[in-house]
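Novice: sequence and predicted structure are below.
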Amino acid sequence: MDILLVIVLTSLAMVITTLIAYALYLYSLSATKTITKPTKEKTMIYACGENIDEKTATVSDVNLYVTIWNEIFKPLYNMLRKKMHTGILNDWFFWMFLLLIIAYTIIVLLGGVESV
Amino acid sequence: MYEALRPLIPIFEVLVYPGIVFSFIVVIFTQWYRRKLYARMQNRVGPWITGPKGLLQPLADYVKLFFKEDIVVIRGHLKLPAFLLALSIGALIAVLLMLPISPFPVYASFDIIVAIYLLVWPTLTLAALGFLTPSPYGATGSSRLLSLTLAYEVVYLLSVLVPVVLASRYLGAAYSLYLTSVTSWKLWTHPVLAVLMIIALFTAIISLQCKLMDKPFDIPDAEQEIVAGPFTEYSGPKLAFIIFIHDMEQYVNALIITYLFLGGPAPLVNAPIWAQAIVVAVKYLIVVLVLTWIKAMVARLRIDQAIKLFWKYMVPLSLFALIFASLV
């Protein structure tokens, strides 16, 4: 079987299932329409039992992603800063040379660059 | 007669077996089995009222949620989350068609890429749900889930690739999920390859536990800290879909582990189909038992501890297995 046919068949399976699941959801909405009683209290945002304004109900993106990764890589960052940031030019050249070798190795492992 | 019905076979596969109807039955049974096991490990009875031995309790829970009010919070979306959830259910059903459980499996060379792509859909959907409501708990839960994704998805991918690479190099599986599934049992007959399979199986189970957001990795929906994380503001049919996707992910991934790592119907590969089905079912139940056992045994980790665990130990371990699988 061709890989394109696999993609087409799995996509079709996905579309059929999606339509059925979504139709079930729409049926649920219509079936519960008569018994639901939407009130303002139900649609408010609560935190710690208190109603909060939806415009302020956010978390700063700094606290969402950066903090997690900063915490995890802090020991590595501190270690590298101590070793790289000595003020001695030779140390700086050594680290740059090391990075160059790593980059070169990765390029060779990936198959190199075609010459023009 | 048979030729006339042939175009209907894929439709039958999607709708009945191994598609929607069969998956729903397996999901109901697996959820009951897991709840019962979890309860026994905590010295409780578990579900026991609805149906024989409480077997229909998960079905009752789904029906109850499905006919409850779908509350949409202010500035929230009504239909978009439901559509995304429906797409994820579709992605998981599509993966089932690529496994030997399907009577007419869909496969080709390098189709493992398609399978991995489809398996990532539910994770991204669950993460998107948190951002579709203005709740701080939702945003925090989603950010935790996305951060974890960068750790465990790498490990899961590397682990799944180990049997695929080995089977492709030695058994002509051509990087196909189906062909690897039907030949992977032969990898256990070689001592060096068996060691690599054990390492990959271990890392795959740990990363699957994180993929399912079960203890010790229930960090995105840690109820004592952020209520239910990305799912805090969802109720009724959407919550039923969320729980269904969790159960479907558990079913599909446990089945993939059963076939890729545990050899599917081996040692009864030449036995009648019913005997093979029993072997696969027993292995599947053992995988679910192990997942439940880990969940009952450990406490929750912090997000930084979990990511450190993956990047410090699991990534090097699975990478080592994959590199060796490519070299030996």
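Specialist: Sure, I can see it.

Novice: buried stuff in whatever helix or strand residue B:24 lives in?
Specialist: Element membership for residue B:24, per DSSP states H and E: helix B:20-41. Residues B:20, B:22-23, B:26-39 are the ones in helix B:20-41 that count as buried (16 or more other C-beta atoms under 10 Å in any protein chain shown). (Glycine included, C-beta is placed from N, CA and C.)

Novice: and for the residue of the stretch 151-300 of chain B found nearest chain A, the neighbour number?
Specialist: The nearest approach of the stretch 151-300 of chain B to chain A comes at residue B:237, 4.1 Å away (C-beta to the nearest C-beta). Residues near residue B:237, counting by other C-beta atoms under 10 Å in any protein chain shown, number 26.

Novice: how about the nearest residue to it once chain neighbours are set aside, what does it touch?
Specialist: Closest residue in space to residue B:237, ignoring its immediate chain neighbours: residue A:28 at 4.1 Å, by C-beta to C-beta, 6 or more residues apart in numbering or on different chains. Residue A:28 sits next to B:66-67, B:70, B:236-237 when contact means C-beta atoms under 8 Å, 6 or more residues apart in numbering or on different chains.

Novice: give me the element residue A:28 is part of.
Specialist: Judged by DSSP H and E, residue A:28 forms part of helix A:3-32.

Novice: pull the next helix-or-strand element following that helix out as CSV, backbone CA atoms only.
Specialist: Next in sequence after helix A:3-32, counting helices and strands by DSSP H and E, comes helix A:40-43. Extracted as CSV, the C-alpha positions of helix A:40-43 are listed here (Å, rounded to 0.1, in the frame of the first residue of the first chain):
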residue,chain,number,x,y,z
LYS,A,40,-25.4,34.5,35.2
GLU,A,41,-23.8,32.8,38.3
LYS,A,42,-23.1,29.6,36.3
THR,A,43,-21.1,31.4,33.6
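
Novice: for the closest residue to residue B:86 other than its chain neighbours, give its distance to residue A:107.
Specialist: Leaving aside its chain neighbours, residue B:86 sits nearest to residue A:21 (3.7 Å; criterion: C-beta to C-beta, 6+ apart). Distance, residue A:21 to residue A:107, by C-beta to C-beta, to the nearest Å: 46 Å.

Novice: any idea how far stretch B:86-100 is from the chain center?
Specialist: The chain centre lies 11 Å from the centre of stretch B:86-100; the measure is C-alpha atoms, centre = their mean, to the nearest Å.

Novice: with stretch B:27-34 instead?
Specialist: 13 Å.

Novice: any residue of it touching chain A?
Specialist: No: using C-beta under 8 Å from any C-beta of the partner chain, stretch B:27-34 stays clear of chain A, coming no nearer than 13.1 Å.

Novice: grab the most central residue of chain A for me.
Specialist: Closest residue to the average C-alpha location of chain A: residue A:65 at 9.0 Å, with C-alpha atoms, centre = their mean.

Novice: list the contacts of it.
Specialist: Contact partners of residue A:65, counting by C-beta under 8 Å, 6+ apart, are B:143, B:146-147.

Novice: looking at chain A, which helix or strand is least sure?
Specialist: helix A:61 (a mean of 73; mean pLDDT, DSSP states H and E).

Novice: from the chain's centre, how far out does stretch B:207-218 sit?
Specialist: On C-alpha atoms, centre = their mean, the centre of stretch B:207-218 falls 11 Å from that of its chain.

Novice: what about it, average pLDDT?
Specialist: Stretch B:207-218 comes out with an average pLDDT of 91.

Novice: need the contact partners of it.
Specialist: If you take C-beta under 8 Å, 6+ apart as the criterion, stretch B:207-218 is touched by B:123, B:145, B:148, B:151-153, B:155-156, B:159, B:219-221, B:246, B:249-250, B:253-254, B:257, B:291, B:294-296, B:298-301, B:306, B:310, B:314.
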